[in-house]
Structure formats: structure tokens, C-alpha cells
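Asks: structure of the sequence below:
(2 chains)
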Number of protein chains: 2
Amino acid sequence: MTTQPAEPAPRRGRGRPGHDQAAVLRAAVELFNRKGYDATSMGDLAKELGLTKPAIYHHVTGKEQLLGQALDDALDELTAVVTEAFREQTGRSAYERLREVVRRSVEVLVAHQPSVTLLLRVRGNSEVELAALERRRWLDDRLAALVTDAVAEGALRDDVPATLVSRLLFGMVNSLVEWYRPDGAYDRAMVADAVTAIAFDGLARHETRV
Amino acid sequence: MTTQPAEPAPRRGRGRPGHDQAAVLRAAVELFNRKGYDATSMGDLAKELGLTKPAIYHHVTGKEQLLGQALDDALDELTAVVTEAFREQTGRSAYERLREVVRRSVEVLVAHQPSVTLLLRVRGNSEVELAALERRRWLDDRLAALVTDAVAEGALRDDVPATLVSRLLFGMVNSLVEWYRPDGAYDRAMVADAVTAIAFDGLARHETRV
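Replies: Have a look, this model is predicted:
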């Protein structure tokens, strides 16, 4: 996603600008992340897209609709990852499923970085944000349950409370949105490998563990 | 820190309100974190403190001064931790000093959570923010150097690039500001122990390491 205004797309019939819903949503999410959602007006968004303010209301009812769509995008992806981990309970250990959830979460964060960034900054200032926080809480609860199961099966250390493990583990995963650059030195697989290696096996070589 | 307006303090001479600089700063940081810095006006801050807008200018020249003070508070503490780790190079291994930096960073984050939260959300929208980002970059560079030294000593795994290790390690530490509550279930020492245990020794029990 670029911070430059998009090139004007070819105009379609009836003199409408050629911006489709997806392009408006992309620009809105980028702007919300850059300026902050509360500080962004529909006028700012229209300007970013090179549209008049009336023209942008042809596409959306307001900025809250765009926020809701972006948060749903992030939440739907993360919910799919977590739901799958619980669906395939038979055959795979909780430990294996937790490693898989961590790896797939990294992939979702990298592939949907703008909308996940927005999700992680939500503070609950509106109905849309409160609904998103409730979905996040559901995810957090499922993840903590998976950690608890992995501890119960004897695969994970039991000297740190499962909810604290879950917070710190996904804190490390979520920190990606703050610094990961798709055109940077690390590709998605490299980051996923690094996160799972550090989280599950630790940084220290065995002989120096204290 | 409460989200309620403070009780009006006793008035001092000359009819000045009894808010001192520190109380104004605390209220400002809390408001910046809650509403976003760009969306917060001096009028909002005056209202939060129960002051008139002219009265608040008795204490500060504007919101950028408050932002600068809060960012300096966080940066001074973190800089002290990192500087000390490099000062005592003799006698202690890089690995020991890195573990100590992680532990002390957790303590700073917990003790200065509001100003560190603000620091971690800075995007570089003004001179003050750009200066803070430059100080953050210096810290990041020193931390990455310490990780590199610990790898070179043979104490840390060498299959993940040092800059990536540093990002993820301090990503986990920094995630604290998003969820840590001083009155919650985990005290500072418990969180510091958990972070160092997970980061350096990993979550997996030895026999299940893959």
C-alpha cells in the first residue's frame, strides 16, 4: 500500500470516477492508520482519492462503514485460523495446533497488515469498535484455551500462567504490524519461522540455559 | 491513572488553579493515549482538568511541549537501561547483559506505561515526533548490537538474523503496554520473569522441542 494518492483510474459511464469500493476501502484504511481514525474526516478521504465529498458518498455511507469493513476483514481471517485449530482437534496435539496457529497468524498479519494494524489500535470509541473488541476477546479466549490444552498435555512449560503466555506470544506476533515491510529484508516464511523458533524453542542455546 | 477528571486541588495565591506541571502532563498523556494526540486539542485538555483554556496556557506553551516532555520521560528511562548495559561491558557476557536489558525494559514499561504507550504510537508527524523516532532508532540499533554480540559469543541461536531477533524480542516486551494493568493479576516481577523465560528458554519443554 502506498502513501501516495492513487493514479486516477479511467472514468466509467455517467461521469462517475473510476474508484471502486475496494480502492476506497484501501485508501481509507491507509489514511486511518496514518492519521488516526478519529482525526480522519470523509473530506480528508475524498481529497486523498481525488474525489469531491459528495462523490465519495456514492460509494459509502460514512467512515464508520469503512472502519467496520476493515475490522471485519482482519477479524474474519484471524477467526478462520483459530476456528480451524479447534475443528481439527482429532489427531493433532494442542501443541502442534498452537504452533500452526502462530504460523498462520503471522501469515494473516503480513497479508492483511493494514486492516490488522487498524484492528490492533481500536479503543472502543463506538459501537463498531466495541463489536470488534468483543470478537478480539473471543479470539484471545480461544488462544488462551489452546495454550492451556498444550500445557495440560505436558508439551509446554507450566511455570507461567496460560493467559500470560498467550498475551506475550501473540504480543510478539502482533508486534509485526509495527515494523514489518513487505519489501524489506525478511519474507513471510522467514518471519513465521523466526517467531515459532523463538517462542517455542527460545533464543538461548541449550548449554547456556539458566 | 484515572479517566475521571481530577478533583479540583486547593487554589494557591493569586487565584491560580492548583494544578502543577506534573498533573497537567499526566492528564495530557492519558488523554493523548485515549483520544489520539492529533485528535486532542488544548481545549479538550483544559476541560479534562477543569481549567479554562487561557488558564492552561499558564502551565504550558501548547500540546507539543507536553508531547515532548512525555516522550523524553519514556526515552530517558529506556536510554538509561541501554546505556548501562554497554557501560558494564567488562565482566558480564553480552547474553547476561541482554537478559538484564529485557528485564529492566519490562520494569520501565510497567512503571512508565502511559509515556511509553505514547512513544510506541508516535508516527513522525512533527519535529518533536521525528526527534523521538530518531532516539528510538538509536535504542533499536544498540539492542540489535547487543543481540549480535550475544550470538557471536555463542550464547544465542544463530539461525535467525540478529535484527529480526531484536525486533521480535522487544516486540514481545513492548506489547505489554497494550494489555498490562497495574491492578491486574500479574505483578511486575512475574511479567519480567515470564518474558525472559519465554524469550530465552522458549515455551516448549525440552523433550518436545522439534
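Asks: output the below-cut-off pLDDT ranges for chain A.
Replies: Applying pLDDT under 70 to chain A flags the ranges A:1-19, A:88-89, A:206-210.
Asks: domains of it?
Replies: Each domain of chain A is listed here as a residue range: A:17-56, A:63-203, per automatic domain parsing.
Asks: mind putting those into TSV with mean neighbour count?
Replies: Quick note: C-beta positions are derived from backbone N, CA and C, even for glycine. As requested, the domains of chain A are exported to TSV (neighbours: other CB atoms under 10 Å in any protein chain shown):
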stretch	mean neighbour count
domain A:17-56	18
domain A:63-203	18
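Asks: closest one to B:Gly43 among the ones you listed?
Replies: Across the domains of chain A, the minimum distance to B:Gly43, taken as CB to CB, is reached by domain A:17-56, at 15.1 Å.
Asks: touching chain B at all, the closest one?
Replies: Yes. Counting by CB under 8 Å from any CB of the partner chain, contacts between domain A:17-56 and chain B involve A:34-39.
Asks: so which helix or strand takes in the residue nearest to the spatial centre of chain A?
Replies: Against the mean C-alpha coordinate of chain A, by CA atoms, centre = their mean, the closest residue is A:Val116 at 2.3 Å. Here A:Val116 sits within helix A:113-121, counting by DSSP states H and E.
Asks: related to what we said a few turns ago, can you list the residues of domain A:17-56 next to chain B in a markdown table and add secondary structure?
Replies: What follows is the residues of domain A:17-56 next to chain B, written out as a markdown table (DSSP: H, G, I helix; E, B strand; the rest coil):
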| residue | secondary structure |
| --- | --- |
| A:Arg34 | helix |
| A:Lys35 | helix |
| A:Gly36 | coil |
| A:Tyr37 | coil |
| A:Asp38 | coil |
| A:Ala39 | coil |
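Asks: between the residues you listed, which sits nearest A:Leu66?
Replies: Within the residues of domain A:17-56 next to chain B, distances to A:Leu66 taken as CB to CB reach their minimum at A:Tyr37, with 9.4 Å.
Asks: so who does the closest one touch?
Replies: Shown here is A:Tyr37, whose contacts under the criterion CB atoms under 8 Å, 6 or more residues apart in numbering or on different chains are A:63, A:67, A:118, A:121, B:36.
Asks: ok, so of these, who is nearest A:Asp159?
Replies: Within the contacts of A:Tyr37, the smallest distance to A:Asp159 is 32.4 Å, found for A:Arg121 (CB to CB).
Asks: so A:Asp38 versus A:Leu143, what's the distance?
Replies: 29 Å (CB to CB, to the nearest Å).
Asks: ok, now A:Phe200?
Replies: Shown here: A:Phe200 relative to A:Leu143, a distance of 15 Å by CB to CB.
Asks: from the contact counts, what lies against whichever strand or helix holds A:Glu77?
Replies: Taking DSSP H and E as the definition, A:Glu77 sits inside helix A:63-87. With contacts taken as 3 or more CB pairs under 8 Å, 6 or more residues apart in numbering or on different chains; DSSP states H and E, helix A:63-87 sits against helix A:21-35, helix A:42-49, helix A:94-111, helix A:113-121, helix A:127-152.
Asks: that helix: how far from the chain's middle?
Replies: Its chain's average C-alpha position is 8 Å from that of helix A:63-87, according to CA atoms, centre = their mean, to the nearest Å.
Asks: can you check stretch A:24-42 too?
Replies: Computed by CA atoms, centre = their mean, the separation of stretch A:24-42 from the middle of its chain amounts to 16 Å.
Asks: A:Val151 contacts A:Ala162, correct?
Replies: Yes. Under the contact definition of CB atoms under 8 Å, A:Val151 touches A:Ala162, with a separation of 5.7 Å.
Asks: circling back to that earlier point, what's the farthest-apart pair in the residues of domain A:17-56 next to chain B?
Replies: The distance between the two most remote of those (CB to CB) is 12.9 Å, for A:Arg34 and A:Asp38.
Asks: on the three-state scheme, A:Gly91 is what?
Replies: Secondary structure of A:Gly91, reduced to three states by three-state DSSP: coil.
Asks: and it, backbone torsions?
Replies: Torsion angles at A:Gly91 (phi, psi; degrees, to the nearest 10) stand at phi 100, psi -40.
Asks: and the residue nearest to A:Glu84 when sequence neighbours are not counted, how close does it get to A:Val82?
Replies: By the measure of CB to CB, 6 or more residues apart in numbering or on different chains, the closest residue to A:Glu84 outside its immediate chain neighbours is A:Arg104, 8.0 Å from it. Computed as CB to CB, the A:Arg104 to A:Val82 distance reads 9 Å.
Asks: next one: A:Thr117
Replies: Counting by CB to CB, the gap from A:Thr117 to A:Val82 is 19 Å.
Asks: still on that earlier bit, tell me the contacts of the residue nearest to the centre of chain A?
Replies: A:Val116 makes contacts with A:74, A:78, A:108-109, A:174, A:177, as judged by CB under 8 Å, 6+ apart.
Asks: for A:Gly50, state which of the residues you listed is nearest.
Replies: Minimum distance to A:Gly50 across these is 26.7 Å, recorded for A:Ala74 (CB to CB).
Asks: could you double-check that the closest one lies in contact with A:Val122?
Replies: No. The pair A:Ala74 and A:Val122 fails to qualify as a contact (CB under 8 Å) at a distance of 9.7 Å.
Asks: hmm, who's touching the strand or helix carrying A:Ala189?
Replies: For A:Ala189, the host element (DSSP H and E) is helix A:188-196. Under the contact criterion CB under 8 Å, 6+ apart, helix A:188-196 has outside partners A:99, A:102-103, A:106-107, A:110-111, A:172-173, A:176, A:180, A:186, B:160-161, B:164-165, B:168.
Asks: what's the angle between it and helix A:94-111?
Replies: Helix A:188-196 runs at 140 degrees relative to helix A:94-111, counting by axes from the mean of the first three to the mean of the last three CA atoms, to 10 degrees.
Asks: would you confirm that A:Val147 contacts A:Leu169?
Replies: Yes. In this structure, A:Val147 sits in contact with A:Leu169. The criterion is CB under 8 Å, and the distance is 7.3 Å.
Asks: joint contacts of the two?
Replies: Between them, A:Val147 and A:Leu169 share no contacting residue under CB under 8 Å, 6+ apart.
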